[in-house]
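**Student:** Sequence first, then the predicted structure, then my questions.
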Amino acid sequence: MLIKTYGSAVYGVDAITITIEINIGPGNKYFMVGLPDNAVKESLFRVESAIRIAGYHMPRQKILVNLAPADIRKEGSAYDLPIAIGILAASGQLDATLLEQYVVMGELSLDGGLQSIKGALPIAIQARKEGFKGLILPAANANEAAIVNDMQVYGMANLLEVINFFSGKEKPQPVFVDTRKEFFKQINNYEQDFADVKGQENIKRALEIAAAGGHNVILIGPPGAGKTMLAKRLPTILPPLNLNEALESTKIYSVAGRLLSNNALMTERPFRSPHHTISDVALVGGGMNPQPGEISLAHNGVLFLDELPEFKRTVLEVMRQPLEDRKVSISRAKFSVEYPASFMLVASMNPCPCGFYNHPEKDCVCAPGVVQKYLSKISGPLLDRIDLHVEVTPVNFSELSSSRLAEKSDLIRERVIKARAVQDARFAELEEIHANAQMSANMVRNICQIGEQGRSLIKQAMEKLGLSARAYDRILKVARTIADLADSEDIEIEHLAEAIHYRSLDRESWSG
């Protein structure tokens, strides 16, 4: 008897519906075709044990399982449940009437329990798109999938519950999640706050500008100056995620299997801080079984690279294209996937190996030329994609011991949101551009107009401070953001002067 059940395969951040065809006939062997990997092939042993524990029997006939389309590789153990249900229906132990209305996915334990799967959200989105009535999956993934409206989602604990559902013995209520209520319940629920940071007002100002314009930023300063502490608080002043951004980020974390079971929807902007020993593949994504990398997990949020010169040069160089394109394409001989990667890069570094170059009190003990060599670990093209270079100096005792309360993140965020609203209106007709940092060179010429005095100021800066030619567009972009924060239609001299101040690493005299 031939029976069809329906599952799903996840590629990139999207899903493809898979038809599981099961035919039971004369013979005594088990065959599986349709490009299954080892985890799928091993499903026979899990399925047989689970069926017996549920009180049913495994047919002792030839069982042929075909996973269609046959030219797409099937990976993982999530096909256990649809295969088990298909075998029971094909052997006449289960009514097959409802099978065509539901997508079924889940990994089986030997005792019939259902283990969580990856990619429940894109699977639910694809199931609704193709007109399925509902989705049956492990209870651990039910909330995640239920944020898709107009789709009945049933979270099951074991194989027997699924059998009873299809046989009509039990009719559980579908899981319901109020997407908007879930979204607004925990939005901006951050533990950290800029009010915790004593002093460093100039650094807070630089990070406010970075957040307002979506600019990449690098913090340079001695150990213990507060670079990491400041970077970790950057998400608290970024504009809140809108619902579309929250869904995008949730899809990525769902595919990567990193979504917490009690979180149906991500409501905070991601903050990723990989260790400097990270590999190229772990950063950009890919591998034998394609997975999103750190730059995609930071989508719509912040990627923080602490001690930037300690990262392998090859790892840093693979970020160059994603920083420009805001997506990453993983191409291999047998597959090609694309992950979104629109993130803010925040990096930190010591000014030299000993950490005390340009320190106000301590002397640098590095040999001549070592500072320049240390800085040269970061390539010019990568540095070119970082708009703000900020020098962080240690906080003195009087500021640390001061009882004066610092400005809260909520107040800074209000100014950032106001500046972003100006940019939303400016780029309303452009789908790919949402912030000043994303402007092309041609857009900079048209939007960032400056007067004769402004051109004279930039000319003097480039000549006297030794600024490189690549700094020109970056200065104009940052100046435009500063003007937006000041609610100014034009870029004034003071806006340009502040933007020039944030190009420390372009100064020829900076590293001696």
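**Tutor:** Here it is on my side, so go on.

**Student:** contacts, neighbours, all on C-alpha from now
**Tutor:** Noted.

**Student:** Just give the nearest non-adjacent residue to Ile72, would you?
**Tutor:** Leaving aside its sequence neighbours, Ile72 sits nearest to Leu35 (C-alpha to C-alpha, 6 or more residues apart in numbering; 6.6 Å).

**Student:** Who are the contact partners of that neighbour?
**Tutor:** 67, 70-74 (C-alpha atoms under 8 Å, 6 or more residues apart in numbering).

**Student:** same thing with Pro353?
**Tutor:** Here Pro353 is in contact with 366, 370-371, 374 (C-alpha under 8 Å, 6+ apart).

**Student:** Would you agree it falls within a helix?
**Tutor:** No. The assignment for Pro353, made by DSSP: H, G, I helix; E, B strand; the rest coil, is coil rather than a helix.

**Student:** Next one: it from Leu467, what distance?
**Tutor:** Plainly put, Pro353 is 24 Å away from Leu467 if you go by C-alpha to C-alpha, to the nearest Å.

**Student:** From His276, how far off is the residue most central in space within the chain?
**Tutor:** By C-alpha atoms, centre = their mean, the chain has its centre lying nearest to Leu297, at 2.4 Å. Leu297 sits 17 Å away from His276, going by C-alpha to C-alpha.

**Student:** can you check Lys198 too?
**Tutor:** For Lys198, the distance to His276 - C-alpha to C-alpha - is 28 Å.

**Student:** next one: Asn442
**Tutor:** Asn442 is 35 Å from His276, by C-alpha to C-alpha.

**Student:** Neighbour count: the two, which is higher?
**Tutor:** His276 (15 against 10; other C-alpha atoms under 10 Å).

**Student:** Can you tell me the element that one falls in?
**Tutor:** Under the criterion DSSP states H and E, no helix or strand holds His276.

**Student:** so who does it touch?
**Tutor:** His276 neighbours (C-alpha under 8 Å, 6+ apart): 305-308, 310-312.

**Student:** Give me the local confidence score for it.
**Tutor:** Looking at His276, its pLDDT is 93.

**Student:** With Arg426 instead?
**Tutor:** 92.

**Student:** do you know how far it is from Cys448?
**Tutor:** From Arg426 to Cys448 the distance is 12 Å (C-alpha to C-alpha).

**Student:** can you give me the helices for the stretch 301-450 of the chain?
**Tutor:** Under the criterion DSSP state H, counting those that start in this stretch, the stretch 301-450 of the chain contains helices at 313-317, 320-325, 370-375, 380-383, 397-400, 409-426, 441-447.

**Student:** In terms of secondary structure, what does the fourth one contact?
**Tutor:** Pointing back at helix 380-383 there. Contacts defined by 3 or more C-alpha pairs under 8 Å, 6 or more residues apart in numbering; DSSP states H and E place helix 380-383 against no helix or strand at all.

**Student:** do the first one as well
**Tutor:** Contacts of helix 313-317 with other secondary structure elements, assessed using 3+ C-alpha pairs under 8 Å, 6+ apart, are made with helix 280-284.

**Student:** And the helix it packs on, how far out from the chain middle?
**Tutor:** 13 Å (C-alpha atoms, centre = their mean, to the nearest Å).

**Student:** neighbouring contacts of it?
**Tutor:** 287, 292-296, 314-315, 318-319, 328.

**Student:** run the last query once more with 10 Å
**Tutor:** 274, 286-287, 290-297, 312-319, 322, 327-330, 339, 341 (C-alpha atoms under 10 Å, 6 or more residues apart in numbering).

**Student:** Mind picking out the helix or strand in this protein with the poorest mean pLDDT?
**Tutor:** helix 397-400 (a mean of 70; mean pLDDT, DSSP states H and E).

**Student:** tell me the strands in the stretch 51-200 of the chain, going along the chain?
**Tutor:** 62-68, 102-104, 107-108, 114-115, 134-138, 152-156 (DSSP state E, counting those that start in this stretch).

**Student:** overlap in contacts of Arg426 and Cys448?
**Tutor:** Asn436.

**Student:** And these two? Which one has more around it.
**Tutor:** Counted by other C-alpha under 10 Å, Arg426 and Cys448 do not tie: Cys448 has more neighbours, with 19 against 15.

**Student:** Who are the contact partners of the more buried one?
**Tutor:** Cys448 is in contact with 436, 442, 473, 475-481, 490-491, counting by C-alpha under 10 Å, 6+ apart.

**Student:** mind redoing it with 8 Å?
**Tutor:** Applying C-alpha under 8 Å, 6+ apart, the residues contacting Cys448 are 476-477, 480, 491.

**Student:** Model confidence score at it, please.
**Tutor:** On the pLDDT scale, Cys448 gets 89.

**Student:** Next: Ala469.
**Tutor:** 66.

**Student:** what about the nearest residue to Lys408 once chain neighbours are set aside, distance to Arg269?
**Tutor:** Leaving out its chain neighbours, the residue that sits closest to Lys408 by C-alpha to C-alpha, 6+ apart is Ala195, at 4.6 Å. Distance from Ala195 to Arg269, counting by C-alpha to C-alpha: 19 Å.

**Student:** So these two - more neighbours on which side?
**Tutor:** Arg269 (25 against 15).

**Student:** State whether the more buried one is indeed within a strand.
**Tutor:** No. Under three-state DSSP, Arg269 sits outside any strand and is assigned coil.

**Student:** which residues touch Pro69?
**Tutor:** 18-19, 34.

**Student:** Please report how far it lies from Glu21.
**Tutor:** Pro69 is 11 Å from Glu21, by C-alpha to C-alpha.

**Student:** quick one: common contacting residues for those two?
**Tutor:** Joint contacts of Pro69 and Glu21 (C-alpha under 8 Å, 6+ apart) do not exist.
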